[in-house]
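In: Quick one: sequence plus predicted model below, questions after.
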Amino acid sequence: MVLVKTPMRTPNMVIHKAYKTELRPNNKQRNLLQQHAGAARFTYNWGLTEKIQAYQKTGKSPGAMELHKELNQLKPTQFPWMYEVSKCAPQEALRDLDQAFKHFYRRLKTGEKPGFPRYKSRKRGIGSFRLTGIIRIHSDRIQLPRLGVLRLKERDYLPSGRSWCRVLSATVSEKAGRWFVSVLVEERITVPENTGPKAGADWGLETLLTVSDGTEFENPRALSRFHRKLRRAQRSLSRKKRGSRNRARARLRLQRLHARITNIRQDALHKASSWLAKTKSATIIEDLDVKRMLRNHQLAGAIADAGFGEFHRQLEYKTRWYGSRLHQAPRIYPSTKRCSRCGHIKKKLPLSQRVYRCDECGLTLGRDLNSALNLLWLLVAASWAETLNAWLRREIAAPQGAVPAHDAGTKHQPWPSARIG
């Protein structure tokens, strides 16, 4: 049985890391930030129209540099207001558009349902823009091209004055009336040697994460907790007159609620993923088909609120940073229906049954904990088999207890016990 796993740990590695913090702009700087975000949004929509028209005529679309040259020719006559913002904002927006079209071509090749990228609308938020060039970072402020010096709400958080750290870009975004800057840097880190135990981790809705050692991380259920307030805020927004100040205030209240829900969810995911990456030398998780799970309309909201995809993404890069390894069990592996003591597999196990009771050996265990133990068993068995195969190829010394002395050189390959703990 094949496990999907991350690359081997390297002692020193160069990574791209983003540091995000909140800005404290004045009124003049707020207007400049909105102008840059509007220019990036306009350029993205203009480039998308040009790409769609070219694709429908010729089957090909122009690249970001071609569109940028065409935009520069149109600036003096049609878009003179774009000279008030940095040239990086529209240029980076066209590069983002190129990336979006790459996904469009990928869907065409794989046979998925094709669809052009969506236009960016001011109704969905002010948006963001990215700047490159000379970016200077100080303890409590940051200097950006055409924007000048902006104050920060956090002191000494952004990387400044480090021995090996190169600033690549800065992305400025707006969320619920607050402005943030995310600085992307290239830095060299020393990956520590992780000597922690191996662990199996099971995702769930009742409990966000259940680890094979009994540790559980609570699911914050942020969306369901604020569902009533969201409904009231949305109803209040719909009753306000369009274009009025009361409607703008109601929209801001709704945006702040959504931002709080996102922050609560992200906080829980970061705490769980960081704990796993720092304390476990190897972690195995399930390879869930989240897209197919979302077809269940009774659980779609809860599944989306849990953030399984984001949690997997965080685990992938954090395990590389902290010297751990991430494995994925095959989708066909019955981690939930299998007994972690005797290996008996049930034919049916309803979702409402939260306690696993084995019909063969009488094991009574929490459903999620039993699944985590089965995942750990799969990881231990695979590691044992790799070690034994390496010894048979005479690459390493014989694993202790693997092959008896009188059976050396034979095909005797005992498997580890199915019991864990």
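Out: Nice, I can see it.

In: Which strands or helices does whichever helix in the chain runs longest pack on?
Out: Using DSSP state H, we find that the single longest helix of the chain is helix 245-279. Counting by 3 or more CB pairs under 8 Å, 6 or more residues apart in numbering; DSSP states H and E, the packing neighbours recorded for helix 245-279 are strand 207-211, strand 216-218, helix 222-225, helix 227-239, helix 308-321. Every residue, glycine included, has its C-beta placed from N, CA and C.

In: Just checking: what are the partner strands of the shortest one?
Out: To tie it back to what came earlier, the one meant is strand 216-218. Strand pairing for strand 216-218, determined by DSSP bridges: strand 207-211 (antiparallel).

In: quick one, the strand it pairs with and helix 308-321 angle?
Out: Compare the direction of strand 207-211 with that of helix 308-321 by axes from the mean of the first three to the mean of the last three CA atoms, to 10 degrees and you get 40 degrees.

In: Mind listing residues that contact strand 207-211?
Out: 199-204, 216-220, 268, 272, 276, 306, 311, 366, 368-369, 371-372 (CB atoms under 8 Å, 6 or more residues apart in numbering).

In: still on that earlier bit, only alpha carbons, please: show the helix or strand following the longest helix of the chain as CSV.
Out: Where DSSP states H and E defines the elements, the next helix or strand beyond helix 245-279 is strand 282-286. Output of strand 282-286 as CSV, limited to C-alpha atoms (Å, rounded to 0.1, in the frame of the first residue of the first chain):
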residue,chain,number,x,y,z
ALA,A,282,5.7,11.9,11.2
THR,A,283,2.0,12.5,10.8
ILE,A,284,-0.4,10.5,8.7
ILE,A,285,-3.8,12.0,7.7
GLU,A,286,-6.7,10.9,5.5
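
In: same for strand 282-286, what does it pack against?
Out: For strand 282-286, the packing partners by 3+ CB pairs under 8 Å, 6+ apart come out as strand 198-203, helix 308-321, strand 325-329, helix 367-392.

In: redo that, cut-off 10 Å
Out: strand 4-5, strand 198-203, helix 245-279, helix 308-321, strand 325-329, helix 367-392 (3 or more CB pairs under 10 Å, 6 or more residues apart in numbering; DSSP states H and E).

In: buried sites along the helix or strand harbouring S182?
Out: Secondary structure from DSSP H and E places S182 in strand 178-190. Residues of strand 178-190 classed as buried: 179, 181-185, 187 (neighbour count, 16 or more other CB atoms under 10 Å).

In: partner strands of that strand, parallel or antiparallel?
Out: Partners of strand 178-190 in its sheet, by DSSP bridges: strand 12-24 (antiparallel), strand 165-175 (antiparallel).

In: Minimum distance to K87: which of the ones you listed has it?
Out: With CB to CB as the criterion, K87 lies closest to strand 165-175 of the strands paired with strand 178-190, at 14.0 Å.

In: In CSV, list the C-alpha atoms belonging to that closest one.
Out: The C-alpha atoms that make up strand 165-175 are tabulated as CSV, following Å, rounded to 0.1, in the frame of the first residue of the first chain:
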residue,chain,number,x,y,z
CYS,A,165,16.4,37.9,4.4
ARG,A,166,15.4,39.4,1.1
VAL,A,167,12.1,41.2,0.6
LEU,A,168,10.4,40.1,-2.7
SER,A,169,7.0,41.9,-2.6
ALA,A,170,4.3,43.5,-0.5
THR,A,171,0.6,42.8,-0.9
VAL,A,172,-1.8,45.4,0.6
SER,A,173,-5.4,44.3,1.1
GLU,A,174,-8.5,45.6,2.8
LYS,A,175,-10.9,43.7,5.0
